[in-house]
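Peer 1: okay, here's the prediction I keep looking at, along with the sequence it came from:
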Protein chains: 2
Amino acid sequence: MSPTETETLDPRVRRTRQSIVEAFTDLLDQKGFQAVSVQDITQQAGINRATFYAHFPDKFALLQRFVEEEFHQEVEKRMLNACQYSNHNLHELIVAVCEFVGNTHERCPVSEEHFQSLVEAQVRTQVHGLLNHWLEKIPTIAGTPVSRERAATAASWAIYGLATEWSRASRQPPVAQYADEVVPLVAANLGLTIELA
Amino acid sequence: MSPTETETLDPRVRRTRQSIVEAFTDLLDQKGFQAVSVQDITQQAGINRATFYAHFPDKFALLQRFVEEEFHQEVEKRMLNACQYSNHNLHELIVAVCEFVGNTHERCPVSEEHFQSLVEAQVRTQVHGLLNHWLEKIPTIAGTPVSRERAATAASWAIYGLATEWSRASRQPPVAQYADEVVPLVAANLGLTIELA
DNA sequence: CGACTTCTGTCGTCTAAGCAACACTGGAGT
DNA sequence: ACTCCAGTGTTGCTTAGACGACAGAAGTCG
């Protein structure tokens, strides 16, 4: 969307960022977040260590960016970005968060607090933004009891919480069913009872 | 082996060369050699066009390097580099050339003369070098009728010719059998009747 | 034929990345 | 306590690559 963020960028920058992220992904699966050093990453990526610091202040900033992109990708894959609010889309969003959180938990033990809290914050932020985006397209009901902002906040927290519970419950029941069952809860948070295709 | 050629190299150089080669491979399969432009390659590789010319004088030089590396890889895969002469190794070498030529023909129509002749020259050169390497290890027979050089030349041409024939005959019979059948021919060229495991 | 397009190869300028130092921190060992 | 050591950030200088512009070669079309 914004030409600043994604497209219009020096190819060199694009490539090194990509190779950093790729190296990070590999190492994450191999050793877990705590154990990977900046040295590891740069070595695996085939870049100089100083170059890393030209792009990210530290390991944590990289993780942040990483989660941001991974989850954003998950969202785009399900075409939730371009869509408007509907129970079906809400369902899909919940599925996306569940699977992302599930994968995260299996990738890195819950014991790594740094890791988990960073993931949580990032995912919630994006879900919040997405919900806000959806709600903006809906004309305000006269005498709205809660602001869009707060509805989005409540719902995004709820979604993330439900996703972690599902993950901890060994992913039972199947995502689709679980999402079906909890959609009403979140819809309630949004203060909406709209029914769309 | 030589630190000059492969390992001790600026990571940037390594990466851009690799991305050029990768882009070239893709485009070769898509459009054939004639149709790919330097622009295509650099665009696909995500590098600047001027950068391409910093590495290769033109499209043909790239093809040369490409074939060189591909075939060299094929040879190393079969561990023919470190080995000495034996009928078995000769067999393996013939198989390698047959399969390489076969793949080349299916990748690019024979009508592209530039392409084909460049491949031929490159492969023959490497086969020649390899045979020479093998022959050097064998003590000269008193009153040698032909020089090692010439034996290697004759054999390398013979091998390439036999490989193209096999390819044009729709790869019949199976490589292993075909190689079995023609080993004596080549061995004769080499002026050797040695029998080793 | 000339006008037009696309690709080529080259050059000068600017910036990203490499590299080799550096001082610093925290943890492991003896 | 101490040293040792592996990792961290940071810096100055060098080099590879980006970018834009250029003239020329090679089709293509009217």
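Peer 2: Sure, I can see it.

Peer 1: how about A:Pro174, what does it touch?
Peer 2: By Cβ atoms under 8 Å, 6 or more residues apart in numbering or on different chains, the contact list for A:Pro174 is empty. Every residue, glycine included, has its C-beta placed from N, CA and C.

Peer 1: which residues of chain A lie near chain B?
Peer 2: Residues of chain A lying close to chain B by Cβ under 8 Å from any Cβ of the partner chain are A:11, A:14-15, A:19, A:46-48.

Peer 1: hey, where'd the helices end up in chain A?
Peer 2: Ranges of helices in chain A, per DSSP state H, are A:11-31, A:38-45, A:49-55, A:59-77, A:87-107, A:113-136, A:148-168, A:175-189.

Peer 1: contacts only, for A:Gln41.
Peer 2: Let me fix one detail, which is that residue A:41 is Ile and not Gln. A:20, A:23-24, A:27, A:52, A:59, A:62.

Peer 1: point out the residues in chain A that sit beside DNA strand D.
Peer 2: Within chain A, the residues that sit near DNA strand D (Cβ under 7 Å from any atom of the strand) are A:10-12, A:37-39, A:49-50, A:53, A:57-59.

Peer 1: neighbours of A:Ile159, how many?
Peer 2: By other Cβ atoms under 10 Å in any protein chain shown, 27 other residues sit near A:Ile159.

Peer 1: could you do the one 10 residues further on as well?
Peer 2: Residues lying near A:Ala169 (other Cβ under 10 Å) number 10.

Peer 1: what's the closest non-adjacent residue to A:Tyr53?
Peer 2: Nearest non-adjacent residue to A:Tyr53, counting by Cβ to Cβ, 6 or more residues apart in numbering or on different chains: A:Val38, 7.9 Å away.

Peer 1: hang on, isn't the one you found packed against A:Asp58?
Peer 2: Yes - if you go by Cβ atoms under 8 Å, A:Val38 and A:Asp58 touch, sitting 7.4 Å apart.

Peer 1: so if I had to pick from the two, which one is more boxed in?
Peer 2: A:Val38 (15 against 10).

Peer 1: got a list of what that one touches?
Peer 2: Taking Cβ under 8 Å, 6+ apart, we find A:Val38 in contact with A:49, A:52-53, A:58-59.

Peer 1: apply 7 Å and report the result again.
Peer 2: A:49, A:52, A:59 (Cβ atoms under 7 Å, 6 or more residues apart in numbering or on different chains).

Peer 1: buried subset of these as a PyMOL selection?
Peer 2: Filtering the contacts of A:Val38 down to the buried ones (16 or more other Cβ atoms under 10 Å in any protein chain shown) takes a single PyMOL command:
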select buried, chain A and resi 52+59
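
Peer 1: looking at the contacts of A:Val38, which one is closest to chain B?
Peer 2: A:Arg49 (11.7 Å; Cβ to the nearest Cβ).
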